[in-house]
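1. show me the folded form of this:
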Amino acid sequence: MGQYSEAFTQAVDDREGFWLEAAKAVDWTTEPTRALDDSAAPFYRWFPGGELNTSYNALDRHVAAGQGDRTALIWDSAMVGEVRRYTYAELLDEVSRFAGVLAARGITSGDRVVIYMPMIPEAAIAMLACARIGAVHSVVFGGFAAPELATRIDDAEPVAIVTASGGLEPGRAVEYLPMVAKAIELSADAPQTVIVKDRPEIAGSAADHDGWLDWDTAMADAQAADPVPVAATDPLYILYTSGTTGKPKGVVRDNGGHAVALTWSMKNIYDISAGDVWWTASDVGWVVGHSYIVYAPLLVGATTVMYEGKPVGTPDAGAFWRVISDHGVKALFTAPTAIRAVRKADPNAEELAKYDVSSLQTLFAAGERLDPDTFTWASNTLGVPVVDHWWQTETGWAIAANLRGLEPMPIKAGSPTVPVPGYAVGVVDAEGKPVSAGEEGSIVIELPLPPGTLAGLWRDEDRYRKSYLAAFDGYYLTGDSGYVDEDGYVFVLGRSDDVINVAGHRLSTGSIEAVVASHPAVAECAVIGIHDDLKGQRPSGYVVLKSGVDIEADTLRSELVAKVREEIGAVATFRDVTVVPALPKTRSGKILRKTMRQIADHEEYTVPSTIEDPDVLTALAEQLKG
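-> Numbers count the residues shown, from 1 in each chain. Prediction:
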C-alpha cells in the first residue's frame with residue numbers, strides 16, 4: 001500500500017487517529033482530546049474542547065522559535081512598481097498593533113468586521129488582526145459594487161469596515177470610498193467604525209467622511225494586542241459565495257479545523273515547508289486568497305508572495321515569469337484563466353526566455369477545470385508538473401488533488417487526480433445510487449466532511465441543509481457533475497446548478513438576471529454561462545422586450561452592460577445580449593437554461609418532454625446558429 005492509499009484509508013477507518021495526529025502540527029492553548037463531535041449531525045464540529053489562536057499559529061510561534069528574521073510576506077505591486085518585504089517579526093508587529101486599533105474601538109471576540117480591500121499588505125494584516133482578537137472577518141472582493149457590498153453588510157452585521165481609498169487596474173484607478181459610503185447608505189444597520197488605508201495614487205481619504213479613521217493615524221500610537229484564545233469551533237471568518245437565488249451564502253469557517261487542514265495541505269499536497277517561497281496569484285476576496293495567500297503559508301512558516309497586477313498587461317505577458325525569477329518562487333498556484341491569458345498574448349512564450357525560472361518546481365491550477373489544451377501548453381512551456389486540483393469556497397481546500405508532498409502520481413489531462421484523504425468522494429445518479437466507473441453523475445462527498453470545510457452558513461441552518469445536504473441522504477452535494485474512472489481519478493465536467501464560473505469566480509446568474517430584468521424595456525430574460533476560451537465561462541443574456549418597445553439592440557446592450565457593471569461589478573464581464581421573441585420554457589414555466597447553454601455552446605441537445613412550445617426552442621437555435 002502506497003503512502004496515499006495508506007493515508008486515505010486511515011482517514012476513513014481511523015478518523016480520530018488521523019486528524020488528532022495532524023493536529024499536533026498546530027499549537028493549542030488547550031489541546032483537543034478528540035477530533036470529531038458528531039452529536040449534532042449533520043452539523044459536525046472538529047476538535048471540540050480545543051482552544052487556540054490562528055494569528056498566533058501564523059506568526060507568534062515562528063518568532064518564538066527564533067525565525068523572526070525569516071521573510072513572511074513579499075508584496076510585489078506591478079501597479080505601483082514597488083516591492084515590500086515583511087519578516088515574521090515585522091508582520092507580527094503590524095498585526096498586533098492593528099489588532100490593538102480594533103480592540104481600542106471596542107471590537108472583541110465574536111464581532112464581525114468587513115474587509116473591503118485591494119491587494120495590499122494591509123488586507124492580510126487586517127485579516128490576521130481580526131483573528132488575533134477573536135473577531136470574525138468577512139472579506140469582500142474590492143470589485144463588487146455597492147449593492148453587493150450592502151447585501152453582505154446586512155447579512156454579517158459588522159461593527160466595522162476596513163477599506164482603502166481604492167484599487168489599481170491597468171490604465172485606471174477604482175475608487176472604493178464612494179462605493180463604501182453608498183453601501184452603508186443602502187444598509188439597514190450601518191457599522192460603527194470605518195477605517196481607511198490611504199493610497200496616494202487614488203483620490204479620497206478618511207478625512208472626506210465624518211467619523212472615519214485613517215489607518216496610518218490610528219496605527220501611529222496603537223498598543224499591541226495579545227492573541228486571544230478561542231474555541232476550535234468558533235468562527236474565524238465568513239466568506240460569501242453566490243447562491244442560485246441571487247442572495248449570497250455566508251460560508252462559515254472555524255478556527256481549529258481550518259488551521260489543522262491547511263497546515264496538513266501545505267506539506268502533503270503542495271510540498272511546501274518552512275522557508276520555501278510560495279506564490280498564490282489570486283485575490284484575498286476569494287477563498288483561494290484566504291487559504292493560500294494568507295493563512296496556509298504562514299501557518300507552516302513559508303514565505304508568501306502577494307501580487308498586485310495581472311498576468312498580462314502589467315506590463316506584458318512576462319509578468320508571472322518576472323515574479324518567479326525575482327523572488328525564487330518554488331510553486332505557483334493560479335487559475336487556468338491566467339494561464340490562458342498568458343498563452344493568448346504570448347503563444348510562443350518569448351517572454352519566458354527573458355527570465356530565470358529555475359526555482360519553479362510545480363504549477364498548481366484551480367478555480368475552474370484545467371482544460372487539456374491549456375495543460376499541455378503550460379507543461380511543455382515550463383517543463384515542470386502542471387497540477388490541476390479541485391475544490392470550492394465551501395470546502396476551503398482541495399477535494400481532489402495530486403498530492404505532491406505525500407505521493408506524486410501520474411498526471412491525467414482533464415483530471416485533478418484523486419480524492420484527498422478525508423474526502424470520501426462518490427458519483428451518484430438522480431436517485432442517489434452510486435454509478436459505475438466512467439459513468440457521469442452528481443459528484444457527492446460522504447459525510448462528515450473533513451476539517452477545514454464549512455461549518456455551515458451564517459445564521460441560516462435551513463439553507464445549509466437545503467443547499468448541500470437535502471439532495472442525497474448522508475452526502476454533501478458539490479453541485480458539480482462528473483465521473484470517477486477505473487483508476488480512481490476524478491473528472492469534474494461542470495456545474496450542475498445555475499451558478500457560473502467566470503475566470504475562477506463563482507457568480508449567480510440569478511443576480512445578473514435581476515439586474516437585466518429591471519431595465520424598463522425588458523419583459524423577461526435569462527442569463528446563462530456559455531463557454532469562453534479565456535475565462536472558462538462568461539454570462540450571456542437573452543432578453544424578451546416588452547410589447548411596443550422600440551430600442552436599438554446596441555443601445556439596449558450598452559445600457560444593460562453598464563447596469564450590470566454598476567450593480568454586480570466588472571468581475572461579471574457581462575457583454576453578450578441577444579434579443580429573442582420568446583424564451584423556451586417547461587409547462588410549469590421553468591426556463592430551459594441547460595438546453596439554452598447546450599445550444600449556445602453548439603452541443604447536441606434533446607428537446608425536453610416537458611417543453612411548453614418546441615417551436616420557441618427551434619427558433620432560438622436557428623437565431624443563435626445564424
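
2. which SS state does Pro448 fall under?
-> coil (DSSP: H, G, I helix; E, B strand; the rest coil).

3. pLDDT at the residue lying closest to it once chain neighbours are set aside, what is it?
-> Here the nearest residue to Pro448 in space, its sequence neighbours aside, is Tyr44; by CB to CB, 6 or more residues apart in numbering that works out to 4.1 Å. All C-beta spots, glycine's among them, are computed from the backbone N, C-alpha and C. For Tyr44, the pLDDT comes out at 97.

4. now swap in Asp497 and tell me
-> Confidence at Asp497, expressed as pLDDT, is 64.

5. tell me, please, the helix or strand in this protein that averages the lowest pLDDT.
-> Within the chain, no helix or strand scores below strand 505-508, which has a mean of 70 by mean pLDDT, DSSP states H and E.

6. show me where the stretch 451-600 of the chain has its strands.
-> Assigned by DSSP state E, counting those that start in this stretch, the strands in the stretch 451-600 of the chain fall at 456-457, 475-484, 490-495, 499-502, 505-508, 522-532, 536-545, 576-579.

7. CSV for those strands, including distance to Ala164?
-> Formatted as CSV, those follow (distance: least, CB to CB, whole Å):
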stretch, distance to Ala164
strand 456-457, 28
strand 475-484, 33
strand 490-495, 33
strand 499-502, 24
strand 505-508, 20
strand 522-532, 30
strand 536-545, 28
strand 576-579, 32
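
8. make TSV out of the ones you listed and add mean neighbour count and distance to Ala160.
-> Shown next, in TSV, are the strands of the stretch 451-600 of the chain (neighbours: other CB atoms under 10 Å; distance: least, CB to CB, whole Å):
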stretch	mean neighbour count	distance to Ala160
strand 456-457	22	22
strand 475-484	21	33
strand 490-495	19	35
strand 499-502	22	30
strand 505-508	24	26
strand 522-532	21	34
strand 536-545	23	33
strand 576-579	18	39
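
9. least reliable of those strands by average pLDDT, please.
-> When I compare the strands of the stretch 451-600 of the chain, strand 505-508 is least confident, with a mean of 70.

10. quick one: low-confidence parts of the stretch 251-400 of the chain?
-> Filtered on pLDDT under 70, the stretch 251-400 of the chain yields no residues whatsoever.

11. so which residues make contact with the lengthiest helix in the chain?
-> Longest helix in the chain by number of residues (criterion: DSSP state H): helix 88-104. The contact list for helix 88-104 (CB atoms under 8 Å, 6 or more residues apart in numbering) reads 55, 59-60, 62-63, 67-73, 86, 113, 121-122, 125-126, 128-130, 132-133, 135, 160, 195, 213, 218-219, 222-226, 301.

12. do a quick rundown of the helices in the stretch 201-350 of the chain.
-> 215-220, 256-268, 287-289, 296-299, 319-327, 336-345 (DSSP state H, counting those that start in this stretch).

13. wouldn't Val260 be in contact with Gly452 here?
-> Yes - taking contacts as CB atoms under 8 Å, Val260 lies within contact range of Gly452: 6.9 Å.

14. local confidence estimate at the residue nearest to Gln10 when sequence neighbours are not counted?
-> Nearest residue to Gln10, sequence neighbours excluded (CB to CB, 6+ apart): Phe18, at 4.7 Å. If you check Phe18, the pLDDT there is 98.

15. which residues touch the residue nearest to Pro448?
-> Per CB under 8 Å, 6+ apart, neighbours of Tyr44: Leu36, Asp37, Asp38, Leu447, Pro448, Leu449.

16. most neighbours out of these, which is it?
-> Leu449 (23 neighbours; other CB atoms under 10 Å).

17. so that one touches Thr395, yeah?
-> Yes - with contacts counted by CB under 8 Å, Leu449 reaches Thr395, the gap being 7.1 Å.

18. and for the two, which residues touch both?
-> Tyr423.

19. Leu73 bridge partners, please.
-> When bridges are called by DSSP bridges, Leu73 pairs up with Tyr86, Thr304.

20. test my guess that it contacts Met306.
-> Yes - with contacts counted by CB under 8 Å, Leu73 reaches Met306, the gap being 6.3 Å.

21. which of the helices of the stretch 201-350 of the chain sits closest to Asp234?
-> Shortest distance between Asp234 and those, using CB to CB, is found for helix 256-268: 8.4 Å.

22. the closest one packs against which elements?
-> The contact analysis (3 or more CB pairs under 8 Å, 6 or more residues apart in numbering; DSSP states H and E) places helix 256-268 against helix 15-22, strand 45-46, helix 296-299.

23. looking at these, which is nearest to Tyr270?
-> Going by CB to CB, the one of these nearest Tyr270 is helix 296-299, 8.2 Å.

24. pull the CA atoms of the closest one into PDB?
-> The C-alpha trace of helix 296-299 is given here as PDB (Å, rounded to 0.1, in the frame of the first residue of the first chain):
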ATOM      1  CA  ALA A 296      -1.700  28.300   5.000                       C
ATOM      2  CA  PRO A 297       1.800  29.500   4.000                       C
ATOM      3  CA  LEU A 298       2.200  31.500   7.200                       C
ATOM      4  CA  LEU A 299       0.900  28.600   9.300                       C
END
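
25. list the helices and strands it packs on?
-> Against helix 296-299 (3+ CB pairs under 8 Å, 6+ apart) you get helix 256-268, strand 303-308.

26. just put the ones you listed in a markdown table and tack on mean neighbour count.
-> Output for the helices and strands packed on helix 296-299, formatted as a markdown table (neighbours: other CB atoms under 10 Å):
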| stretch | mean neighbour count |
| --- | --- |
| helix 256-268 | 27 |
| strand 303-308 | 24 |
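
27. how about TSV for the ones you listed, with distance to Val577 added?
-> Below are those laid out as TSV (distance: least, CB to CB, whole Å):
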stretch	distance to Val577
helix 256-268	41
strand 303-308	32
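
28. which one, of the ones you listed, ends up nearest to Ala470?
-> Minimum separation from Ala470 across the helices and strands packed on helix 296-299 (CB to CB) falls at helix 256-268, 23.1 Å.

29. excluding sequence neighbours, find me the nearest residue to Leu406.
-> That would be Asn268: by CB to CB, 6+ apart, it lies 4.2 Å from Leu406.

30. isn't the one you found right next to Leu403, touching?
-> Yes - proximity of Asn268 to Leu403 meets the contact threshold set by CB under 8 Å, at 5.4 Å.

31. that older thread, the residue nearest to Pro448 and Leu20, how far apart?
-> 15 Å (CB to CB, to the nearest Å).

32. and for Gly504?
-> 34 Å.

33. state the mean pLDDT of the next helix or strand after the longest helix of the chain.
-> Sequence-wise, the next helix or strand downstream of helix 88-104 (DSSP states H and E) is strand 112-116. In this model, strand 112-116 has a mean pLDDT of 98.

34. report the inter-axis angle for strand 112-116 versus helix 88-104.
-> Here strand 112-116 runs at an angle of 120 degrees relative to helix 88-104 (axes from the mean of the first three to the mean of the last three CA atoms, to 10 degrees).

35. re earlier: from the contacts of helix 88-104, which would you call buried?
-> Buried residues within the contacts of helix 88-104, counting neighbours by 16 or more other CB atoms under 10 Å: 55, 59-60, 62-63, 67-68, 70-73, 86, 113, 121-122, 125-126, 128-130, 132-133, 135, 160, 195, 213, 218-219, 222, 225, 301.

36. which residue ranges make up each domain of this structure?
-> 3-309+389-446, 499-625 (automatic domain parsing).

37. Arg45 reaches Ala455, doesn't it?
-> Yes - Arg45 is in contact with Ala455 according to CB under 8 Å; the separation is 7.1 Å.

38. give me the pLDDT for the residue lying farthest from the centre of the chain.
-> What lies farthest from the middle of the chain is Gly548; by CA atoms, centre = their mean that is 43.4 Å. Note on Gly548: pLDDT of 84.
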